[in-house]
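1. mind looking at a prediction? Sequence and model below.
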Amino acid sequence: MGICRSYRSTAKFQRAGSALEMGFLVTTLIFLVVGVIASLLTRICFNQGPSTNLLHLTLIITATVCCWMMWAIVYMAQMKPLIVPILNDTAE
């Protein structure tokens, strides 16, 4: 019984892992789309010359990458937490 039970839980974890990867990819694509849209809107609305446009584009790309990295680090930190909750054996 113990072997079958651990096999089933492993299969569930593998399915959950693919769902987590799908969520990671979808959200990464959302960040990419938002970054492209923000770059295009900045280019259209604030067209003030080549050097200013380059600065705006650099700031938008930097902000998008930094926000994505912060989200990705927090997302992945939840997959393997460093501190494991301590469960009490007493049932009340």
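-> Cool, got the structure.

2. how about the helices of this protein, start to end?
-> If DSSP state H is used as the criterion, the helices of the chain fall at 2-45, 50-77.

3. could you tell me the least trusted of those?
-> Out of those, helix 2-45 stands lowest, with a mean of 76 (criterion: mean pLDDT).

4. identify the residues contacting the residue nearest in space to the middle of the chain.
-> In the chain, the residue lying closest to the centroid (Cα atoms, centre = their mean) is A72, at 3.6 Å. When contacts are counted by Cβ atoms under 8 Å, 6 or more residues apart in numbering, A72 is found next to 24, 28. (Each C-beta comes from the backbone N, C-alpha and C, glycine too.)

5. what's the separation between it and F31?
-> Between A72 and F31 the computed distance is 9 Å (Cβ to Cβ, to the nearest Å).

6. ok, which of the helices of the chain comes nearest D89?
-> Go through the helices of the chain one by one with Cβ to Cβ and the one that ends up closest to D89 is helix 2-45, at 19.3 Å.

7. measure how buried I60 is and give me the count.
-> Counted with other Cβ atoms under 10 Å, the neighbours of I60 add up to 20.
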